[in-house]
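Q: What shape does this take:
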Amino acid sequence: MKIICVDNFNRDTHSDRLVCENIDKFYGEIVVKSLNGKLSGEYSGSFFKLVDDDYKLYEYEL
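A: Modelled structure (predicted):
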């Protein structure tokens with residue numbers, strides 16, 4: 001599994017960012033909860049989530 005950071009407001013102009021890869025589900029959920037607790041929030045532009053290894057990151061292109 002991997003941890004990614006996505007736009008909290010679902011704007012198409014912001015690419016996904018890879019934070020961590022090759023993490024198991026148990027520890028991934030702990031890390032995501034911690035990251036969202038400390039670095040994310042209702043008004044934050046970032047939201048962290050745990051996704052499968054085959055998830056393709058969204059990349060904004062002009």
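
Q: count of neighbours near residue 33?
A: Per other CB atoms under 10 Å, the neighbour tally for residue 33 reads 12. Heads up, the C-betas are built off the backbone N, CA and C, glycines and all.

Q: roughly how far apart are it and residue 26?
A: Taking CB to CB, to the nearest Å as the measure, residue 33 falls 12 Å from residue 26.

Q: Now list whatever residues contact both of these two.
A: Common neighbours of residue 33 and residue 26, using CB atoms under 8 Å, 6 or more residues apart in numbering, do not exist here.

Q: pLDDT weak spots in the chain?
A: For the chain, applying pLDDT under 70 flags no range at all.

Q: Could I get the full set of strands for the chain?
A: Under the criterion DSSP state E, the chain contains strands at 2-7, 17-21, 46-51.

Q: Counting by contacts, list what the first one packs against.
A: Based on contacts counted as 3 or more CB pairs under 8 Å, 6 or more residues apart in numbering; DSSP states H and E, the elements that strand 2-7 packs against are strand 17-21, helix 25-39, strand 46-51.

Q: that older thread, with mean neighbour count and distance to residue 62 as added columns, please give the strands of the chain in a markdown table.
A: Below are these laid out as a markdown table (neighbours: other CB atoms under 10 Å; distance: least, CB to CB, whole Å):
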| stretch | mean neighbour count | distance to residue 62 |
| --- | --- | --- |
| strand 2-7 | 19 | 16 |
| strand 17-21 | 14 | 18 |
| strand 46-51 | 19 | 22 |
